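A.B. asks: with the sequence up front, the predicted model follows.
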Amino acid sequence: MLNAERKQLIMESIEKLGVIKLQELVEGLDTSESTIRRDLIELEEQGLIERVHGGAKLVISHNQEPSMNEKSFKNIQSKKEIAAYCASLVEENDCIYLDAGSTTLELITHLANRNITVVTNGLTHIEELVRQNIDAYLLGGKMKVHTKAIIGAVALDNIKNYHFDKAFIGTNAMHPEHGYTTPDMEEAFVKRAAKERADRVFVVADHTKFNEVNFSIDEATIVTDYIPSEVRKSFIQKTKIIEVEK
């Protein structure tokens, strides 16, 4: 296999998954580990990827959303702690909305066999909800292949059929002036529609999401691991915040 051809296949794999393990590339391309490592170094030098422990990930521009696979590798312990706290807020017979996203996905394990109803726009989420024996509904609509989130006009029409006791919304960024934001306008519309149909709204996000801006999805209670000290004052003045590490 030519060097250029191999690099192209590596890039296609990383673009598809967002992040990939070194061993997966070695096995998938039937190439030595040393050769793949050398290719990754060269691709990183070109600014196309970033090497991480045991693999590589796609370089993400400010307005490009990470894939579901890549999100699942980030801040795992913080997401687990946030998810456990959010699950404690769910009561018997609640109807809740779980937004697509890696933190809300972690929440499902804590809801196993509960007498609740869950509505979601996450394709990954519906599979886990069924596995955990939870009554669940998946919104119809257009699927974003990159994040496995259901969006679009059909999803917005579907969500009008529900009223939620609580909604747990994911976000890509939070800013004290611009609110909770996402780089995809269509996904922002679905998040906003869920918020408008919920009695209580919780935005689930770890500390890395503070002080960035994309498309606004308005106000809610933030559930996070902790607020970075440099932005604490500006956020506390604007909205209610729950820090699960405290």
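C.D. replies: Great, that's in hand.
A.B. asks: thinking residue 165 is in contact with residue 199, fair?
C.D. replies: Yes. Applying C-beta atoms under 8 Å, one finds residue 165 in contact with residue 199, separated by 5.5 Å. Heads up, the C-betas are built off the backbone N, CA and C, glycines and all.
A.B. asks: the more surrounded of the two?
C.D. replies: Of the pair residue 165 and residue 199, residue 165 is the one with more neighbours under other C-beta atoms under 10 Å, namely 17 against 11.
A.B. asks: SS state for that one?
C.D. replies: Secondary structure state of residue 165, per DSSP: H, G, I helix; E, B strand; the rest coil, is strand.
A.B. asks: nearest residue to it other than its sequence neighbours?
C.D. replies: The shortest distance from residue 165 to any non-neighbouring residue, by C-beta to C-beta, 6 or more residues apart in numbering, is to residue 94 (4.3 Å).
A.B. asks: got it, and residue 7?
C.D. replies: Closest to residue 7 by C-beta to C-beta, 6+ apart is residue 39, at 5.5 Å.
A.B. asks: that's a strand at that neighbour, yeah?
C.D. replies: No. Residue 39 is assigned helix when assessed by three-state DSSP, not a strand.
A.B. asks: and after the helix or strand of the chain with the lowest mean pLDDT, which helix or strand comes next?
C.D. replies: Of all helical and strand segments in the chain, the minimum by mean pLDDT, DSSP states H and E falls on strand 215-216, at a mean of 41. Once strand 215-216 ends, the next helix or strand along the chain (criterion: DSSP states H and E) is strand 221-224.
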